[in-house]
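Peer 1: curious how this folds, go ahead:
(one chain, ligands or ions: 1)
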Amino acid sequence: MFCSSSGARRRMELLALCAALGTGCTAPPSQTAKSSAAVVPVSKTGGSRADAFVDSLLATLTLEEKLGQLSQYSGFAAVTGPGAAEASMEQLRQGGVSSFLNVTGADSVRKLQRIAIEDTRTRIPLLFGHDVIHGMRTIFPIPLAEASSWNPDAVREAARIAAREASAYGINWTFAPMVDVARDPRWGRITEGSGEDPYLGSVMGAARVRGFQGDDLRARESIAATVKHFAAYGGAEGGRDYNVVDVSERGMREVFLPPFRAAACAGAATFMASFNEIAGVPAHANRWLLTDLLRGEWGFDGVVVGDWGGVAELIPHGIAADSAEAARRSLEAGVDIEMVSGTYSRNIPRLVRSGAISQAAVDQAVRRVLRFKQRLGLFQDPYRGADAGRERSEVLTPAHRAAARHLAQQSIVLLRNEDNTLPLSRDLRTIAVVGALAADSVSTLGSWAGIGRAADAVSVLDGIRRAVSPRTRVIYERGTDPTRSDTSRFRAAMRAARTADAVILVVGEPAWMSGEAESRASIELPGAQLELAQRIRALGKPLVVVLMNGRPLAVPWLAENAPALVEAWFLGVEMGNALSDVLFGAVNPSGKLTVTFPRSVGQIPLYYNHRRTGRPPAADSKWNSKYIDLPWTPQFPFGFGLSYTSYTYSSPRLSSETMGPRDSLRVEVTVTNTGRRAGEEIVQLYVQDEIASVTRPVIELRRFRRVPLGAGESRTVRFSLGLDDLAFYDTRMRRVAEPGSFRVFVGGSSRDVNETRFRFVTPDNNPVSAPESCAAVGN
Ligand code: NOJ
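Peer 2: Predicted coordinates:
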């Protein structure tokens, strides 16, 4: 195609000749970046001109080259699963590769890109994908922690910084955000999402897409987002990664799909199919999901990429007899690019030639891939931001670190603070810091930490040492390793604790215990950590327990006995500084949980927006939905988090007692900081449809806002509700809002709310249609 001009063809011939002769000769510079990299002015890439360009390019490709555009291979390092085929240089030179993942670094990227655009017949630039999940080099808090900030602006900025840095290393495509709603903390990948709520997940997912892609996907600092894992991957039975999901269409539309829709509405360039099946159909073969819903109903026109080996996994799923059938089913379902297993390129040319797959199905997928490359501006500038100079000067900058620290501060959740144990004075004579995690800067980064380095991270211990006054002595003892039951260091830890004025005990899970393929059957503190905590507690010293973990833990003893308990997650490169800002009071904690903490693994799944049942749990009778050996309530509910100050809420006030289909209802509440410190409160608004034609959740988040409040200050916070906030799917799966009574709750967590009521009225007292739209998912 770029070779369609005779000059370019000549250049190819010369290159081939040079290669054959093995001489060091170079081909004459064809109009390289210009004529070779298919000239499409940036301003003219939309609409029919763009389509015409893509079509003309497509027309020049052989069938094998087309399959090359549908094949992604892992670069020569990091592997995240079995079954990866290796791309050879020869394959690359023959146009058999559309993209790489796990190739990072401007030099490596430029080298491979040069081969693609100079040494291949097709001269189509490569995509370089990478899992940039919560930062590239400047590592931000894990996504579950970031969500606990309830600060979508800061989350968008974190993604923007990640994109800026990733682009310097040559990455133009990230496999993020993960927007899987997760209600099972055993599932290791809960760490990578925003928690259990579809609305909050939608807001955060859209924020991340906007951060990665910016206003202009072609800008050198923008990278394309991938919304994953489509869909319902978080619903894995038993919390076991890759396991079966059996969910109703209602469950899909109400719980799992909204964040995907929101991310598509925010302009996400690509989607990734999930490993799991949904009600018997694996996502990689699910035409309803990938085509009818995603493209048909939602109008998505970007690329769908398969997950690692997901096409070939249709064989062990038991719906394809061999790789040819797996390839056919995936392509026909709507997987455009196959990740790593090489099944497409090995089988599809033959299947097309035998008539088993239509040429049109292949062309459609290739067209989408070319259009994606075009949207990224790769045909104008195949190297985009990849620049060894930028790698040095534009990553891990003081501004990036400051943003990471700020978001980390806001992601910390104070779970308990008896007798104002926190904040600690930075002038104490001696502080004992106990726990291997306190000095573990690898864990500080969390899982999927881009190309983050432990050496860049401020560990908890380092942060504490920096924060205390010069007169304070900080003694450190490992105490115990989080995953071992070894108690041999207890004695030294106890000695340190005895001599200290306060103890900071850091316990939890090392970072590797959450993430892909890291599901746990127990979510208690591993190893001997609980015993260590109990022994230290018995000393009666001021004790602050800091949790480092990538999932909710069941820690009932700590929740009832630790004088102070802080959920610090894995906060990234600035963890030690941000945590110390909170521990010593420079910052008032403000994060709130976006996922329920159960008392025991036996309560799972436990989530705030459950339905009511015919026998809702109640303490005063036996015959209702509860346990005989444990309360039915969580340890810490969704939306929960304390502060060093206190807040009170007025009852919510409504602009009207009734609301019609075209109205917007104003909800006002006065929030007062009743303490002596300034703080930021996360004000949450929930609704309940009291009586509907299908059962509705007890309470559903619909709005939230982070509100700064000085000591003693009151503010009126206003929200407005509309038709979409009342809508749900009726028995025929039509999205409607039904007339009747609604409750509105406003407060500081899903449990601590004040409420009022209004009536939704329709002209003829019939339900009104509220079709799915971007507005319905908060866009
Ligand atoms: C498998 C994971 O499920 C997916 O999220 C990730 O993007 C790919 N591996 C590539 O690393």
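Peer 1: secondary structure class for G602?
Peer 2: Secondary structure, DSSP: H, G, I helix; E, B strand; the rest coil: G602 is helix.
Peer 1: okay, now the unreliable bits of the stretch 51-200 of the chain?
Peer 2: 76-80 (pLDDT under 70).
Peer 1: and it, which residues reach the ligand?
Peer 2: With the criterion set to C-beta under 6 Å from any ligand atom, the stretch 51-200 of the chain comes near the ligand through T80, G81, L101, D131, F175. Yep, even glycine has a C-beta here, placed from its N, CA and C like the rest.
Peer 1: how does it look with 8 Å?
Peer 2: 74, 78, 80-81, 101-102, 129, 131, 175-176, 178, 189, 192 (C-beta under 8 Å from any ligand atom).
Peer 1: contact residues of the stretch 501-650 of the chain facing the ligand?
Peer 2: Residues of the stretch 501-650 of the chain lying near the ligand (C-beta under 8 Å from any ligand atom): E516.
Peer 1: show me the contacts for V281.
Peer 2: W288, L289, I319 (C-beta atoms under 8 Å, 6 or more residues apart in numbering).
Peer 1: tell me the pLDDT of it.
Peer 2: Per-residue confidence (pLDDT) for V281: 98.
Peer 1: for the one 5 residues further on, same thing?
Peer 2: As summarised for this prediction, N286 has a pLDDT of 98.
Peer 1: how about S773?
Peer 2: 84.
Peer 1: what about the single nearest residue of the chain relative to the ligand, neighbour count?
Peer 2: Per C-beta to the nearest ligand atom, F175 is where the chain lies closest to the ligand, at 3.4 Å. Per other C-beta atoms under 10 Å, the neighbour tally for F175 reads 25.
Peer 1: go on, V761?
Peer 2: For V761, using other C-beta under 10 Å, the count is 14.
Peer 1: wait, it sits on P739?
Peer 2: Yes. Applying C-beta atoms under 8 Å as the test, V761 and P739 come out as touching, 5.7 Å apart.
Peer 1: now the buried members of the contacts of V281.
Peer 2: L289, I319 (16 or more other C-beta atoms under 10 Å).
Peer 1: among the contacts of V281, which are in helices?
Peer 2: If you go by DSSP state H, the contacts of V281 have nothing in helices.
Peer 1: let me know the closest of the contacts of V281 to L370.
Peer 2: Lowest distance from L370 to those (C-beta to C-beta) belongs to L289, with 23.8 Å.
Peer 1: so where does the residue lying closest to R705 once chain neighbours are set aside fall, helix or strand?
Peer 2: Nearest residue to R705 in three dimensions, chain neighbours excluded: V683, at 5.1 Å (C-beta to C-beta, 6 or more residues apart in numbering). In this assignment (DSSP states H and E), V683 forms part of strand 679-689.
Peer 1: packing partners for that strand?
Peer 2: strand 647-649, strand 665-673, strand 700-709, strand 714-721, strand 740-747 (3 or more C-beta pairs under 8 Å, 6 or more residues apart in numbering; DSSP states H and E).
Peer 1: ok, back up a step: ChimeraX command to pick out the buried ones of the residues of the stretch 51-200 of the chain next to the ligand?
Peer 2: Here is the ChimeraX command that selects the buried residues among those (16+ other C-beta under 10 Å):
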select :74,80,81,101,102,129,131,175,176,178,189,192
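Peer 1: ok, back up a step: same list (the helices and strands packed on strand 679-689) but as TSV, adding mean neighbour count and mean pLDDT.
Peer 2: Shown next, in TSV, are those (neighbours: other C-beta atoms under 10 Å; pLDDT from 0 to 100):
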stretch	mean neighbour count	mean pLDDT
strand 647-649	17	98
strand 665-673	19	98
strand 700-709	19	98
strand 714-721	16	98
strand 740-747	20	98
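Peer 1: state the mean pLDDT of the strand holding V683.
Peer 2: 98.
Peer 1: quick check: angle from that strand to strand 665-673?
Peer 2: 150 degrees (axes from the mean of the first three to the mean of the last three C-alpha atoms, to 10 degrees).
Peer 1: check which strands are paired with strand 679-689 and give the direction for each one.
Peer 2: strand 700-709 (antiparallel), strand 740-747 (antiparallel) (DSSP bridges).
Peer 1: what would these look like in JSON lines with distance to S345?
Peer 2: Listed next are those as JSON lines, based on distance: least, C-beta to C-beta, whole Å:
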{"stretch": "strand 700-709", "distance to S345": "45"}
{"stretch": "strand 740-747", "distance to S345": "54"}
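Peer 1: kindly reformat these as JSON lines containing distance to the ligand.
Peer 2: Compiled in JSON lines, these are given as follows (distance: least, C-beta to the nearest ligand atom, whole Å):
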{"stretch": "strand 700-709", "distance to the ligand": "26"}
{"stretch": "strand 740-747", "distance to the ligand": "35"}
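Peer 1: quick one: which of the ones you listed is nearest A538?
Peer 2: Comparing those by C-beta to C-beta, strand 740-747 comes nearest, at 36.2 Å.
Peer 1: which residues are in contact with the helix or strand following the closest one?
Peer 2: Heading C-terminal from strand 740-747, the first helix or strand you meet, by DSSP H and E, is strand 753-760. Residues external to strand 753-760 that are found in contact with it (C-beta under 8 Å, 6+ apart): 649-654, 656-660, 665, 669, 684, 686, 690, 699, 726, 737-747.
Peer 1: which stretches of the stretch 1-150 of the chain form strands?
Peer 2: 71-74, 99-101, 127-130 (DSSP state E, counting those that start in this stretch).
Peer 1: so which of the ones you listed is the most surrounded?
Peer 2: strand 127-130 (a mean of 27; mean count of other C-beta atoms under 10 Å).
Peer 1: each with direction, which strands does it pair with?
Peer 2: strand 99-101 (parallel), strand 173-174 (parallel).
Peer 1: and it, how far out from the chain's middle?
Peer 2: 18 Å (C-alpha atoms, centre = their mean, to the nearest Å).
Peer 1: same question, stretch 666-674
Peer 2: For stretch 666-674, the distance to the chain centre is 31 Å (C-alpha atoms, centre = their mean).
Peer 1: just the CA atoms of it, as CSV, please.
Peer 2: Provided in CSV are the C-alpha atoms of stretch 666-674 (Å, rounded to 0.1, in the frame of the first residue of the first chain):
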residue,chain,number,x,y,z
ARG,A,666,-33.2,19.0,43.7
VAL,A,667,-31.9,17.3,46.8
GLU,A,668,-30.2,19.6,49.4
VAL,A,669,-28.5,18.7,52.6
THR,A,670,-26.6,20.7,55.1
VAL,A,671,-23.4,19.1,56.3
THR,A,672,-21.6,20.5,59.3
ASN,A,673,-18.1,19.9,60.5
THR,A,674,-18.7,19.6,64.2
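Peer 1: buried residues in stretch 87-100, which are they?
Peer 2: A87, Q91, L92, R93, Q94, G95, G96, V97, S98, S99, F100.
Peer 1: separation between the residue lying closest to G334 once chain neighbours are set aside and G310?
Peer 2: Spatially, and ignoring its direct neighbours in sequence, G334 is nearest to L290 (3.2 Å; C-beta to C-beta, 6+ apart). Note on L290: its distance to G310, by C-beta to C-beta, to the nearest Å, is 12 Å.
Peer 1: again with W623
Peer 2: 46 Å.
Peer 1: these two: which has the busier surroundings?
Peer 2: Ranked by neighbour count (other C-beta under 10 Å), W623 and G310 place G310 first, with 31 against 7.
Peer 1: what sits against that one?
Peer 2: Here G310 is in contact with A273, S274, F275, P282, A283, H284, S330, V335, M339 (criterion: C-beta under 8 Å, 6+ apart).
Peer 1: can you lay out these as a markdown table showing secondary structure, neighbour count and distance to the ligand?
Peer 2: Listed next are the contacts of G310 as a markdown table, based on DSSP: H, G, I helix; E, B strand; the rest coil; neighbours: other C-beta atoms under 10 Å; distance: C-beta to the nearest ligand atom, whole Å:
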| residue | secondary structure | neighbour count | distance to the ligand |
| --- | --- | --- | --- |
| A273 | strand | 30 | 10 |
| S274 | coil | 28 | 8 |
| F275 | coil | 24 | 6 |
| P282 | strand | 28 | 14 |
| A283 | helix | 28 | 11 |
| H284 | helix | 32 | 12 |
| S330 | helix | 31 | 16 |
| V335 | coil | 30 | 14 |
| M339 | strand | 26 | 7 |
